[in-house]
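Asker: predicted model and sequence below, questions to follow.
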Amino acid sequence: MSLGAAAFFCLLLSLRVQDAAAADLGFTRSDFPREFVFGAGTSAYQYEGAVAEDGRSPSSWDIFTHAGSMPDKSTGDVAADGYHKYMEDVKLMSETGLEAYRFSISWSRLIPNGRGAVNPKGLEYYNNLIDELVNHGIQVHITLHHVDLPQILEDQYGGWLSPRIVEDFTAYADVCFREFGDRVASWTTMDEANIGVLGSYGNALFPPGRCSDPFGATKCTAGNSSIEPYIAANNTLVAHASVFSLYREKYQHKQKGIVGINIYSYWSYPLTNATVDLEATQRCKDFLYGWILEPLVFGDYPQVMKKNAGSRLPPFTKAQSELIKGSLDFIGINHYFSVYVNDHPLDTGVRDYTADMSVDLRRSRTDPPAGQGPPTNVPSDPKGLQLALEYLKETYGNLPIYVQENGIGSADDSLDDTDRIGYLSSYMESTLKAMRNGADVRGYFAWAFLDLFELLAGYQSRYGLYQVDFADERLPRQARLSARWYSGFLKHNGSSALVSRTRVNQALNLVS
Ligand SMILES: *[C@@H]1O[C@H](CO)[C@@H](O)[C@H](O)[C@H]1NC(C)=O
Ligand SMILES: *[C@@H]1O[C@H](CO)[C@@H](O)[C@H](O)[C@H]1NC(C)=O
Ligand SMILES: *[C@@H]1O[C@H](CO)[C@@H](O)[C@H](O)[C@H]1NC(C)=O
Ligand SMILES: *[C@@H]1O[C@H](CO)[C@@H](O)[C@H](O)[C@H]1NC(C)=O
């Protein structure tokens, strides 16, 4: 491209960024409290690659992807190669003005046998990454389990289906707190505790890929969708609570961090105002949020879950209920879209979690019901995030909340992602509105910092503020327009200072 054309291109980009940042936005960084953090995230299997390097043992995802389970038959063997490129990436985060970074630890890299000896190379990697973040003034937010269990624990006792997981998960967390906790602001025990167990044991979209007919997304070979998600959630809740109390007793007074759990969130609107649909909408919220949050806040499952799942929902003993209740410093949500809900009378035959919920979910008022679980390709609805945050505040005692994932996937690899800027800015504004209505939201993390191996779509969908060119074996990163826009919002208060800076960056990139 000639210099003249390049300059014109820069001008175009700058004007667009200015439009998005100044004209469309009715808010700036300084409308949010100073202590509020804006960040972006990744997770270990999706980012690191280097799956067989430096003593890491396979996680359940390695086995799952190597069995050809992804729609594009892809694996996270290399992913975004974060294991080798984290220094470069932290530099990009710093240049972007990221205030916090959310990532997860690969349990099987840190403790390859699942329990016992710590892998010195794994320890070194996470220590280096954390130091690099701290040196750049970026707050560290760690998830302990982002649905990637050491396969050895799957093989030995069925992973989250066994109560034995509680002791091993607690010991793993203990290592993390001891080794890294002096530099970590926030610990999330589980990513998507609700949807995670459904993916793993209900519909087999996640490893270990267990399900029973007719509930699986694919042909089921082993599992029991009627009961296993409930059993795994029971063990997850007890394991979470055990880790929470460990931190509280042994670490929190020195390390001053916080411990919470992450749940998948979507907002549900009633399809009609008929009483049955209003009740169905509440039931949907009880199953989605209440499954995890009612035990953690109040000590037991929602009444409607006990009624509809009956004896398949394991009851808590008094001691378990007391351990679990109140074991939460914050709620983390991953939120992307909203659905419309109407009543679906309870099936009388064999049921799974979705059938127990007894609702139909639609992507819009006019679409047909989605079938199993939530619909896909749902249009953006920023208002739904505001409503979800306000609902969580009302229902669960106004705990601090972090929006830990929000973003938009695209099959289009382009750098010119104005649609992503529109999506992110509108959801950020909804967050602000919820805060103005009293929700105690403490942070917002875009998903994802850069393009990754996506858990449902492999490499077919891109979420990154930064593009990764997976076709080039050097995996070069390049800022999308959204990264420049986010940077302007964070570093220049969303003001027009961004424009000249963007022009400079663009010119540099195009010339080099
Ligand atoms: C629920 O979890 C606890 C802790 O792992 C365990 O002791 C209990 O047996 C579990 N209940 C069922 C039915 O699996
Ligand atoms: C699943 O477990 C339930 C309760 O134990 C049992 O009634 C049902 O037959 C099991 N289903 C399968 C497919 O094994
Ligand atoms: C249900 O009632 C509310 C409040 O009266 C109203 O705003 C909404 O439009 C109604 N929804 C439908 C689908 O009729
Ligand atoms: C950011 O911009 C807003 C709106 O223009 C202004 O009120 C605020 O003072 C600015 N804050 C800083 C720190 O510059």
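Answerer: Thanks, I have the structure now. Ligands and ions are numbered 1, 2, ... in the order given.

Asker: every contact and neighbour count from this point should use C-alpha atoms.
Answerer: OK.

Asker: run through the neighbouring helices and strands of the helix or strand harbouring A388.
Answerer: Using DSSP states H and E, A388 sits within helix 382-395. With contacts taken as 3 or more C-alpha pairs under 8 Å, 6 or more residues apart in numbering; DSSP states H and E, helix 382-395 sits against strand 258-270, strand 330-343, helix 418-436.

Asker: with mean neighbour count added, can I get these in CSV?
Answerer: Shown next, in CSV, are the helices and strands packed on helix 382-395 (neighbours: other C-alpha atoms under 10 Å):
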stretch, mean neighbour count
strand 258-270, 23
strand 330-343, 24
helix 418-436, 20
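
Asker: nearest to ligand 3, out of the ones you listed?
Answerer: Nearest to ligand 3 among the helices and strands packed on helix 382-395 is strand 258-270 (6.9 Å), distances taken as C-alpha to the nearest ligand atom.

Asker: let's see the closest one as PDB, backbone CA atoms only.
Answerer: Only the C-alpha atoms of strand 258-270 are listed here, as PDB (Å, rounded to 0.1, in the frame of the first residue of the first chain):
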ATOM      1  CA  ILE A 258     -10.900 -12.600  47.600                       C
ATOM      2  CA  VAL A 259     -12.500 -16.000  46.700                       C
ATOM      3  CA  GLY A 260     -15.600 -16.500  44.600                       C
ATOM      4  CA  ILE A 261     -17.200 -18.700  42.000                       C
ATOM      5  CA  ASN A 262     -18.100 -18.100  38.400                       C
ATOM      6  CA  ILE A 263     -21.500 -19.000  36.800                       C
ATOM      7  CA  TYR A 264     -22.700 -18.900  33.300                       C
ATOM      8  CA  SER A 265     -25.500 -16.300  33.000                       C
ATOM      9  CA  TYR A 266     -28.100 -15.300  30.500                       C
ATOM     10  CA  TRP A 267     -31.100 -13.100  31.100                       C
ATOM     11  CA  SER A 268     -34.500 -14.600  30.700                       C
ATOM     12  CA  TYR A 269     -37.600 -12.600  29.600                       C
ATOM     13  CA  PRO A 270     -41.100 -14.200  29.900                       C
END
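
Asker: ok, back up a step: quick one: the helices and strands packed on helix 382-395 as CSV, columns for distance to ligand 4 too.
Answerer: As requested, these are arranged in CSV below (distance: least, C-alpha to the nearest ligand atom, whole Å):
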stretch, distance to ligand 4
strand 258-270, 28
strand 330-343, 27
helix 418-436, 14
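
Asker: including mean pLDDT, could the ones you listed go into TSV?
Answerer: TSV is the format used below for the helices and strands packed on helix 382-395 (pLDDT from 0 to 100):
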stretch	mean pLDDT
strand 258-270	98
strand 330-343	97
helix 418-436	96
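
Asker: could I get those as JSON lines with distance to E294?
Answerer: Shown next, in JSON lines, are those (distance: least, C-alpha to C-alpha, whole Å):
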{"stretch": "strand 258-270", "distance to E294": "12"}
{"stretch": "strand 330-343", "distance to E294": "12"}
{"stretch": "helix 418-436", "distance to E294": "21"}
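
Asker: ligand 1 is nearest to which of these?
Answerer: Proximity to ligand 1 (C-alpha to the nearest ligand atom) singles out strand 258-270 among the helices and strands packed on helix 382-395, at 16.9 Å.

Asker: which elements pack onto the helix or strand just after the closest one?
Answerer: Scanning forward in sequence from strand 258-270 by DSSP H and E, the next helix or strand is helix 275-285. Counting contacts by 3+ C-alpha pairs under 8 Å, 6+ apart, helix 275-285 packs against strand 258-270, strand 330-343, strand 359-362.

Asker: pull out the buried residues from helix 275-285.
Answerer: V276, D277, L278, E279, A280, T281, Q282, R283, C284, K285 (16 or more other C-alpha atoms under 10 Å).

Asker: for the residue of the stretch 301-450 of the chain found nearest ligand 1, phi and psi?
Answerer: Nearest residue of the stretch 301-450 of the chain to ligand 1 (C-alpha to the nearest ligand atom) works out as P314 at 4.5 Å. Phi and psi for P314, reported as degrees, to the nearest 10, are phi -60, psi 130.

Asker: can you list the buried residues of helix 275-285 in JSON lines and add distance to T65 and pLDDT?
Answerer: Output for the buried residues of helix 275-285, formatted as JSON lines (distance: C-alpha to C-alpha, whole Å; pLDDT from 0 to 100):
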{"residue": "V276", "distance to T65": "42", "pLDDT": "98"}
{"residue": "D277", "distance to T65": "39", "pLDDT": "98"}
{"residue": "L278", "distance to T65": "40", "pLDDT": "98"}
{"residue": "E279", "distance to T65": "39", "pLDDT": "98"}
{"residue": "A280", "distance to T65": "36", "pLDDT": "98"}
{"residue": "T281", "distance to T65": "35", "pLDDT": "98"}
{"residue": "Q282", "distance to T65": "36", "pLDDT": "98"}
{"residue": "R283", "distance to T65": "34", "pLDDT": "98"}
{"residue": "C284", "distance to T65": "31", "pLDDT": "98"}
{"residue": "K285", "distance to T65": "32", "pLDDT": "98"}
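
Asker: separation between P214 and D356?
Answerer: The gap separating P214 from D356 is 14 Å, by C-alpha to C-alpha, to the nearest Å.

Asker: report pLDDT for the single nearest residue of the chain relative to ligand 3.
Answerer: Proximity of the chain to ligand 3 (C-alpha to the nearest ligand atom) peaks at T272, 4.1 Å away. In this prediction, T272 carries a pLDDT score of 97.

Asker: for the protein, what spans make up the strands?
Answerer: With DSSP state E as the definition, the chain shows strands at residue ranges 37-41, 100-104, 139-145, 186-190, 258-270, 330-343, 359-362, 401-406, 441-447, 466-468, 477-479.

Asker: what packs against the fourth one?
Answerer: With contacts taken as 3+ C-alpha pairs under 8 Å, 6+ apart, strand 186-190 sits against strand 139-145, helix 228-246, strand 258-270.

Asker: mind checking the ones you listed for the one nearest to S414?
Answerer: strand 258-270 (27.2 Å; C-alpha to C-alpha).

Asker: helices or strands next to that closest one in the packing?
Answerer: Using 3+ C-alpha pairs under 8 Å, 6+ apart: strand 258-270 touches strand 186-190, helix 193-201, helix 228-246, helix 275-285, strand 330-343, helix 382-395.

Asker: how about the residues of the chain by ligand 1?
Answerer: Contacts of the chain with ligand 1, taken as C-alpha under 6 Å from any ligand atom, map to P163, V166, I231, N234, N235, V238, P314.

Asker: doesn't Y230 make contact with the last one?
Answerer: Yes - taking contact to mean C-alpha atoms under 8 Å, the distance of 7.0 Å between P314 and Y230 places them in contact.

Asker: neighbour count winner among these two?
Answerer: Y230 (24 against 16; other C-alpha atoms under 10 Å).

Asker: quick one: contacts for the closest residue to that one other than its chain neighbours?
Answerer: Distances taken as C-alpha to C-alpha, 6 or more residues apart in numbering put L313 closest to Y230, at 5.7 Å, once the chain neighbours are dropped. By C-alpha atoms under 8 Å, 6 or more residues apart in numbering, L313 lies in contact with I227, Y230, I231, M305, K306.

Asker: now do R362
Answerer: V339, Y340, V341, P368, P369, A370, P374, P375.

Asker: do that again at 7 Å, thanks
Answerer: V339, Y340, V341, P368, P369, A370, P375 (C-alpha atoms under 7 Å, 6 or more residues apart in numbering).

Asker: the nearest residue to P163 once chain neighbours are set aside: neighbour count?
Answerer: Of all residues not flanking P163 in the chain, N235 sits nearest, at 5.9 Å (C-alpha to C-alpha, 6+ apart). A count of nearby residues for N235, using other C-alpha under 10 Å, gives 21.

Asker: all set now, cheers.
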